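[1] build me a structure from this.
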Amino acid sequence: MIPQLFKVTRREQDNPETFTLVAESQDGAPFHFAPGQFNMLYVFGKGEIPISISGAPERSEQVVHTVQDVGLVSHAVCELQPGESFGLRGPFGRGWPVEKTRGRDLLLMAGGLGLAPLRPVVYEVLAKREDFGNVVVLYGARNEERLLFQEEIREWRRADIDVMVTLDLAAPEWHGRVGVVTSLCRPALQMVDLEETIAFVCGPHIMMRFSVRELQKRGLPADRIYISAERNMKCAIGHCGHCQFGPKFLCKDGPVFSYSELQPYLEVREL
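    Next up is the predicted model:
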């Protein structure tokens with residue numbers, strides 16, 4: 001429960017309301033995490049929020065968070081400048097089961113900020129590309145201005161990762177796909193072996209619900225679809241109870257679950 005001090009070393013603006021902060025421990029200790037885990041970030045005098053880690057797992061000398069400016073504490077995090085300090089607790093939770101995907105095809109589906117928690121998975125793939133089969137990234141954003149990591153996406157494509165991007169609303173100068181991210185499922189599943197494919201899905205709740213439904217409709221079973229269920233997390237250790245979902249605590253039993261684990265509770269209205 002005691003935060004460790006970290007210092008911001010770099011701050012980048014990804015879109016009008018999203019920032020990526022790179023930080024390092026003030027005592028120089030290495031930081032290790034698994035893709036899909038999260039930290040609790042504490043800004044002095046403002047409060048604490050859970051934020052997924054969006055950096056490369058092998059870069060233990062730094063920790064990276066991509067944060068959307070949507071509230072009091074997230075605004076304070078986004079306003080941190082290089083040289084300023086914040087408190088950090090973590091890493092917490094169960095991450096993406098990357099080991100299960102080695103030797104198999106991998107489908108990553110992201111909506112909006114949901115690409116950030118999936119970015120460490122892409123870094124894992126890039127570090128040992130030969131250990132994985134076909135890797136396809138489906139990414140949907142509201143408009144071109146809100147796209148994240150655009151330069152990195154070009155690098156991923158050069159590294160034998162298929163990336164398909166779609167926008168909900170497009171300007172006349174946009175020459176890519178237009179529509180919701182689920183519209184990409186049909187062409188994407190033709191690029192993988194459905195019998196050997198595992199899917200990781202992250203984004204707004206409604207996006208994940210319809211994405212999972214589309215994947216299941218096209219033959220992918222619930223136990224090979226994983227989602228990141230990040231909601232109402234306050235303490236990160238299962239103590240406060242805010243994130244309890246049926247018999248599970250999302251912070252310590254998740255936030256990553258196979259859809260088959262959560263499906264009985266997701267179908268209960270207003271749970």
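[2] flag the shaky bits of the protein, pLDDT-wise.
    Judged against pLDDT under 70, the chain has no low-scoring part.
[3] which strand in it has the most residues?
    strand 4-15 (DSSP state E).
[4] ok, that strand: who's next to it in the sheet?
    strand 18-25 (antiparallel), strand 85-92 (antiparallel) (DSSP bridges).
[5] can you list contacts of it?
    19-27, 29, 62-63, 66, 80-89, 145-149 (C-beta atoms under 8 Å, 6 or more residues apart in numbering). To be clear about C-beta, it is placed using only N, CA and C from the backbone, and glycine gets the same treatment.
[6] the residue positioned nearest the centre of the chain: what's its closest spatial neighbour, skipping adjacent residues?
    Most central in the chain under C-alpha atoms, centre = their mean is Pro117, positioned 1.8 Å from the mean C-alpha point. In this structure, Pro117 finds its nearest non-sequential neighbour in Ser52, 3.9 Å apart by C-beta to C-beta, 6 or more residues apart in numbering.
[7] separation between the one you found and Met1?
    According to C-beta to C-beta, to the nearest Å, Ser52 stands 20 Å off from Met1.
[8] neighbour-wise, which of these two wins?
    More crowded of Ser52 and Met1, by other C-beta atoms under 10 Å: Ser52, with 27 against 8.
[9] before we move on, the earlier item: can you tell me the helix or strand for the residue nearest to the centre of the chain?
    helix 115-127 (DSSP states H and E).
[10] chain center to that helix: distance?
    9 Å (C-alpha atoms, centre = their mean, to the nearest Å).
[11] what of stretch 32-45?
    With C-alpha atoms, centre = their mean, you get 13 Å for stretch 32-45.
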